[in-house]
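> A predicted structure for the sequence below; I have some questions about it.
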Amino acid sequence: MDEQRNREPLPYEGNFLLIDKPIEWTSFDVVAKIRNTYKRTGLKCKVGHCGTLDPKATGLLILATGRKTKEIASLEILDKVYEGVIKLGAMTESHDIETLEYGHCSTAHLTEREIRSTASTFVGTHQQQPPMHSAAWHNGKRLYEHARKGEVIRERKAKEIVIHRFEVTRVELPLVYFNLHVSKGAYIRVIAHEFGSALGVGGYLASLRRLSIGPWELNSARTVSESIDAILQEASNTRPPGEES
């Protein structure tokens, strides 16, 4: 009885998979890869993700499998921690490296003290609009669909977010390295854009890596390839009840 209680859940029963998402992959790309791996092994298994990461971002992505997919909503509300780089002195339409720079200006006059002081003013509760280049919905379409047509939706619905910590870890102008602890729903790209605006030089998110979601941390995650290998190994050792090996 104790052995049954303490064993690892089988794939069809459900589990959380911690994955280090690579750059250029969408969150759905990772879900599809893992789902197809389970399908290839003959293990029927639902798969969903707990919190989207943009294609240009890397780091912790939690996938829920089997019965654990019913708990996705409970993970999506958790705080998240990121590290990344903001480039000052230029802006982009997407607020990250997905689109071209514009509005270049000098950052030579900025001091490290001014940059750190400005970061500290961001700590607290804010109303934040989703960026045009995002998957948020507006009138039945994703905002990025409007953006690709050159449309700008001014009345994007703002949501309340909390910035618990905005720590500048290093300054190498025009680059500012940071660590952010935020509530659910926070767009780090928007924070980077607003940070550059607050300094009067513009800015955008040059890189981003998610370090944790609630109690789950990146250092416990596997790469996509490692996760696939683990699933294949697991499938060779276990089969759902009634299924022949």
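On my side now, so go ahead.

> And G89, what's its pLDDT?
Here the pLDDT value assigned to G89 is 98.

> Which of the three states applies to the most centrally placed residue in the chain?
The chain has L53 as the residue nearest its centroid, 2.8 Å off, counting by CA atoms, centre = their mean. At L53, secondary structure determined by DSSP: H, G, I helix; E, B strand; the rest coil is coil.

> That one contacts R209, correct?
No - using CB atoms under 8 Å, L53 is not in contact with R209; the gap is 9.4 Å. Every C-beta, even on glycine, is put in place using the N, C-alpha and C of the backbone.

> Residues that sit against both of these two, list them.
Listed contacts common to L53 and R209 are G59; contacts here mean CB atoms under 8 Å, 6 or more residues apart in numbering.

> measure A90 to S106 for me?
As judged by CB to CB, to the nearest Å, A90 and S106 stand 11 Å apart.

> When these two are compared, which one has more neighbours?
Neighbour count, other CB atoms under 10 Å: between A90 and S106, A90 has more, with 19 against 11.

> who touches the more buried one in this structure?
Contact analysis of A90 by CB under 8 Å, 6+ apart lists E101, Y102, G103, H104, C105, P174, G202, G203, Y204.

> just I163 next, same as before
F122, V123, G124, H126, L180, H181, V182, S183, A186, I191.

> would you turn the residues you listed into CSV with neighbour count?
Shown next, in CSV, are those (neighbours: other CB atoms under 10 Å):
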residue, neighbour count
F122, 16
V123, 14
G124, 11
H126, 18
L180, 23
H181, 18
V182, 22
S183, 17
A186, 22
I191, 26
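
> farthest-separated two in those?
Farthest pair in the contacts of I163 (CB to CB) is H126 and H181. Separation: 14.0 Å.

> those helices in this structure, which residues are they?
Taking DSSP state H, the helices of the chain run over residues 2-6, 27-41, 72-76, 112-120, 143-148, 188-198, 224-237.

> And the longest strand along the chain, how far out from the chain middle?
Using DSSP state E, we find that the single longest strand of the chain is strand 159-172. Here strand 159-172 is found 15 Å from its chain centre; the criterion is CA atoms, centre = their mean, to the nearest Å.

> For L18, give the beta-bridge partners.
When assigned by DSSP bridges, L18 has beta-bridge partners I62.

> Verify the stated contact: it with W216.
Yes - counting by CB under 8 Å, W216 is a contact partner of L18 at 6.0 Å.

> which residues do these two both contact?
L60, I62.

> In its sheet, which strands sit next to the longest strand of the chain, and in what direction?
Using DSSP bridges, strand 159-172 pairs in its sheet with strand 124-128 (antiparallel), strand 175-182 (antiparallel).
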